[in-house]
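**Student:** Quick check, what structure comes out for this input:
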Amino acid sequence: MANTPLDPRPEDAARSGSDTPRPQPLSGEEVLELEEKFDPEVRFRPLGRTAGAIAAVALFSLSLFHYYTAGFGLLREVTHRAVHMSFVLSLIFLVFGINKASYRLYPASVLRPAGIPLYDWILMAIAAVTTLYVPWVFSELAFRVGNPSTLDLVMGTGLIVVLLEATRRAMGWPLPIIAMLMMLYAIFGPQMPGLLVHPGASWASVVNHLYLTSQGIYGLPVGVIATYVFHFVLFGVLATRMGLGQLFIDGATAVAGRLSGGPAKVSVVSSAMMGTITGSSIANAVTTGALTIPAMMRIGYARHFAAAVEAAASTGGQITPPIMGAAAFLMIEFLGIPYTHIMIAALVPAFMHFFGVLMQVHFEAKRRGLRGLTREEMPQIWKVLRRDWPTLIPLFVLVGILLNGNTPYLAAFWGITLCVGVGLVNPRNRITIADVFAAFVTGAKYALAVGAAAATVGIIIGVFTLTGVSFKVAYIVTQTASDWAGAMISIVPFGLLSIEGLTLFLTLMLTAVVCIVMGTGVPTTANYLIMVTVAAPILALLGVQDIVAHFFVFYYGILADITPPVALAAYATAGIANANPFSAGLTAFRLSMGKALVPFVFVFSPSMLIMVNNFSWAEFALAVYGCILGITALSAAFSAYMTDRLFRWERAVLAVAAFLLIAPEVFTTLLGSALFVLVWLRPVVWRKHGGVPG
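**Tutor:** You can find the predicted model right below:
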């Protein structure tokens, strides 16, 4: 990656920039190299020629299977999911080692066929046989569900064991540990304390429920990954390879680069645009960050701040239509609504996230007096569009098919097809058949870890449905929040919240904290699945609409990628910037405070999501106004700058104003607006009377 200045000298910040060449885009191989360096979910062990060829063919076959079924018809549900899982679990044992020592290139031997340990080949075989067993005997299961045979128990136990080990290899210990604890809870229910007690289940009952029904391993999470998510991941990889990602970066540079602190604003805008084709925070971060982070440091941003800006902006990819994270596709199955409803509901909250990051980098640039890019460092927007407009065709067609009411996987099929077609004939970013093969391989790589995680989450959800514990947890949380609200209602000023409103607010706070804590060790999709299983009943008890509850958990789960100590997006960008990862993660979390406020707004004012019952334009307008002004106030408070440097008391006033503005009531909105204007006018009055800046 010598063509990209990933480590600019400090003195570069003082240069005018006109003599500094604009960083060149990374190739697909260089982007993948960065992702493998910083994202453990795609960090494969080195493979020799034979094992590498086997892995490449298997990965390509997995992508080809999903591409074909998307366009020409899905298999029977259980068969489709089983084929997907057999590929995913078997490939994990091929490409992920058992420990760090196994991440070396070993010669082939009797105990290491093709350089892979013999026990991994055995685990691959067990994974394939146990996953395909259920569709093989599916016609017979109707006569023995609830009374599994000995072979059923052996196969089910084998799959659970290899699944937990595959998930550990691909994602670490947290998720398998949670799954094992849940299975222990199912068995030892009579020994549990208080409301958590239940009659208990035998191991045979647990295996029957998790293995032979659609309530466990073969349940909704795996179905959504195999039916929707895989296809859109593949589309994102191909769209990036055929030049759409570079169009977004160049377009963002042309639009925002000249503004104060230009590279940081380019980072936010390009990440927002890149988010339309990739639901991966880390893929977004390394693709755009390899260009924007060096540019930010060159004009004077601190290393950790530059890394944090890119990380915070990139997490927005999972909430940006039309291609969002896996959780968005899970929502359509949970809620039974069209994907277009999810896309429309996500529009305003996604805008608020990027607006929040943009305001903080703007205030930071103004406070430090940072310049924008020079004319020599920026492309011209009309030249960018004239050169790269064909790369937009697949995205426009995909969105058109979705808006026409077709299935997401059919839209992805045509999007993938057009990516290949445009890429093969476009003279600007022409790709070859080898590039298509490589993209299919890369797309399948991204699916391995999330595929294993989805199946493991199926175990957790299966225990929830087997024991009914989610409703017990819902009762405990709502009762606790109600007790706290009763104790606190007397100190709420001006009667801003009723006891019901305060109970809901405290419940949301508890849910948000658990989501963030859970996210430090569990990936975003798994976090969403676990939390929505628990939180949806909790919020439903308090009258929150289903789509609102799902979006609330979805948004807080995404903060996992920038929440230390495990903040993968921040670690990736910190690696590019050579910055302290923990500092980058903390700063990224601060930059994402807008995203943290928005879910509270749409819970108390559901019309912000548009696709809700009893939608009101008046409520929508009030919520959007309050949210924009509140995010601006909070951003200024964190940055210590608005139209001038701020005193500490002004920052405190702005923080109070922000929380008043997000409460969707006319009185609180007016009060918050008055406080905001008070701080905004202070420098004007100060200078008029000969004062000095704060």
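
**Student:** Domain-wise, how is this structure divided?
**Tutor:** 37-225, 298-367+468-613, 616-694 (automatic domain parsing).

**Student:** Could you single out the most deeply buried of the ones you listed?
**Tutor:** domain 298-367+468-613 (a mean of 22; mean count of other Cβ atoms under 10 Å). (C-beta placed from N, C-alpha, C; glycine too.)

**Student:** I'd like to know the average pLDDT value across it.
**Tutor:** For domain 298-367+468-613, mean pLDDT is 84.

**Student:** so the residue nearest the centre of the chain, which of the three states?
**Tutor:** In the chain, the centroid-proximal residue (Cα atoms, centre = their mean) is Gln318; its distance is 4.2 Å. Secondary structure assignment for Gln318 (DSSP: H, G, I helix; E, B strand; the rest coil): helix.

**Student:** give me every residue that touches it.
**Tutor:** 275, 279-281, 324-325, 327-328, 524, 558 (Cβ atoms under 8 Å, 6 or more residues apart in numbering).

**Student:** ok, now Val422?
**Tutor:** Val422 makes contact with 242, 390-391, 393-394, according to Cβ under 8 Å, 6+ apart.

**Student:** Show me which residues of whichever strand or helix holds it are buried.
**Tutor:** Per DSSP states H and E, Val422 falls inside helix 408-425. Across helix 408-425, burial judged by 16 or more other Cβ atoms under 10 Å covers 408-420, 422-423.

**Student:** ok, these vs Leu123, which is closest?
**Tutor:** Tyr409 (30.2 Å; Cβ to Cβ).

**Student:** Quick check, that closest one in contact with Ala70.
**Tutor:** Yes: between Tyr409 and Ala70 a contact is recorded at 4.2 Å, counting by Cβ atoms under 8 Å.

**Student:** Need the residues touching each of these two.
**Tutor:** Residues touching both Tyr409 and Ala70 by Cβ under 8 Å, 6+ apart: His231.

**Student:** so is Leu370 in a helix, a strand, or just coil?
**Tutor:** Secondary structure state of Leu370, per three-state DSSP, is coil.

**Student:** same question but for Val145, I mixed them up
**Tutor:** Applying three-state DSSP: Val145 is coil.

**Student:** got the phi/psi numbers for it?
**Tutor:** phi -60, psi 130 (degrees, to the nearest 10).

**Student:** if we can go back for a sec, state the next helix or strand along the chain beyond the helix holding Val422.
**Tutor:** Sequence order places helix 433-467 as the next helix or strand after helix 408-425, per DSSP H and E.

**Student:** what helices or strands is the next helix or strand after that following helix leaning on?
**Tutor:** Where DSSP H and E defines the elements, the next helix or strand beyond helix 433-467 is helix 469-488. If you count contacts as 3 or more Cβ pairs under 8 Å, 6 or more residues apart in numbering; DSSP states H and E, helix 469-488 packs onto helix 499-519, helix 524-541.

**Student:** for the longest one, packing partners?
**Tutor:** The elements that helix 499-519 packs onto, with contact taken as 3+ Cβ pairs under 8 Å, 6+ apart, are helix 469-488, helix 524-541, helix 546-558, helix 593-604.

**Student:** could you redo the last one with a cut-off of 7 Å?
**Tutor:** Applying 3 or more Cβ pairs under 7 Å, 6 or more residues apart in numbering; DSSP states H and E, we find helix 499-519 packed against helix 469-488, helix 524-541, helix 546-558.

**Student:** Of all those helices, which one is nearest Ala454?
**Tutor:** helix 524-541 (6.9 Å).

**Student:** So which other helices or strands are in contact with that closest one?
**Tutor:** Against helix 524-541 (3+ Cβ pairs under 7 Å, 6+ apart) you get helix 326-335, helix 433-467, helix 469-488, helix 499-519, helix 546-558.

**Student:** coming back round to it: let me have the helices and strands packed on helix 499-519 in JSON lines, extended by distance to Leu586.
**Tutor:** Formatted as JSON lines, those follow (distance: least, Cβ to Cβ, whole Å):
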{"stretch": "helix 469-488", "distance to Leu586": "28"}
{"stretch": "helix 524-541", "distance to Leu586": "19"}
{"stretch": "helix 546-558", "distance to Leu586": "17"}
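
**Student:** Can you say which of those helices is nearest to Val161?
**Tutor:** From these, taking Cβ to Cβ, the stretch that ends up closest is helix 524-541, at 19.1 Å.

**Student:** can you list contacts of that closest one?
**Tutor:** Helix 524-541 is contacted from outside by 175, 221, 318, 325-327, 330, 334, 450, 453-454, 457, 460-461, 464, 470-471, 473-474, 477-478, 507, 511, 514-515, 518-519, 546, 549-550, 553-554, 557-558, 560-561, using Cβ atoms under 7 Å, 6 or more residues apart in numbering.

**Student:** between that helix and helix 326-335, how many degrees?
**Tutor:** Between helix 524-541 and helix 326-335, the angle comes out at 40 degrees (axes from the mean of the first three to the mean of the last three Cα atoms, to 10 degrees).

**Student:** the inter-axis angle of helix 524-541 versus helix 499-519?
**Tutor:** The directions of helix 524-541 and helix 499-519 differ by 160 degrees, with the same axes, to 10 degrees as the criterion.

**Student:** mind saving the C-alpha coords of helix 524-541 as CSV?
**Tutor:** Provided in CSV are the C-alpha atoms of helix 524-541 (Å, rounded to 0.1, in the frame of the first residue of the first chain):
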residue,chain,number,x,y,z
THR,A,524,-24.1,-6.0,16.4
THR,A,525,-26.4,-8.5,14.7
ALA,A,526,-26.2,-11.0,17.6
ASN,A,527,-26.6,-8.1,20.0
TYR,A,528,-29.8,-7.0,18.2
LEU,A,529,-31.2,-10.5,18.2
ILE,A,530,-30.6,-11.2,21.8
MET,A,531,-31.8,-7.8,23.0
VAL,A,532,-34.9,-7.6,20.9
THR,A,533,-36.0,-11.0,22.2
VAL,A,534,-35.9,-9.5,25.7
ALA,A,535,-36.5,-5.8,25.1
ALA,A,536,-39.5,-6.1,22.7
PRO,A,537,-41.7,-7.6,25.4
ILE,A,538,-40.5,-5.0,27.9
LEU,A,539,-41.3,-2.0,25.7
ALA,A,540,-44.5,-3.6,24.5
LEU,A,541,-45.7,-3.7,28.1
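
**Student:** relative orientation of it and helix 469-488 in degrees?
**Tutor:** If you take the same axes, to 10 degrees, helix 524-541 sits at 60 degrees to helix 469-488.

**Student:** can you give me the angle helix 524-541 makes with helix 433-467?
**Tutor:** 40 degrees.

**Student:** and helix 524-541, how far from the chain's centre?
**Tutor:** 16 Å (Cα atoms, centre = their mean, to the nearest Å).

**Student:** Could you do stretch 329-347 as well?
**Tutor:** That offset, for stretch 329-347, works out to 16 Å (Cα atoms, centre = their mean).

**Student:** try stretch 550-559
**Tutor:** Distance, stretch centre to chain centre, for stretch 550-559: 9 Å (Cα atoms, centre = their mean).

**Student:** So what touches it?
**Tutor:** Contacts for stretch 550-559 (Cβ under 7 Å, 6+ apart): 315, 318-319, 327, 331, 334-335, 345, 349, 508, 512, 515-516, 519, 524, 527-528, 531-532, 535-536, 592, 595-596, 598-599, 602-603, 609.

**Student:** swap in stretch 608-626?
**Tutor:** By Cβ under 7 Å, 6+ apart, the list of residues contacting stretch 608-626 from outside reads 341, 344-345, 348-349, 545, 547-548, 551, 601-602, 605-607, 661-662, 664, 669.

**Student:** hang on, Phe667 in a strand?
**Tutor:** No: Phe667 is assigned helix when assessed by three-state DSSP, not a strand.

**Student:** So it versus Leu661, what's the distance?
**Tutor:** As for Phe667, its distance to Leu661 is 12 Å (criterion: Cβ to Cβ, to the nearest Å).

**Student:** Overlap in contacts, these two.
**Tutor:** Here Phe667 and Leu661 have no joint contacts, going by Cβ under 7 Å, 6+ apart.
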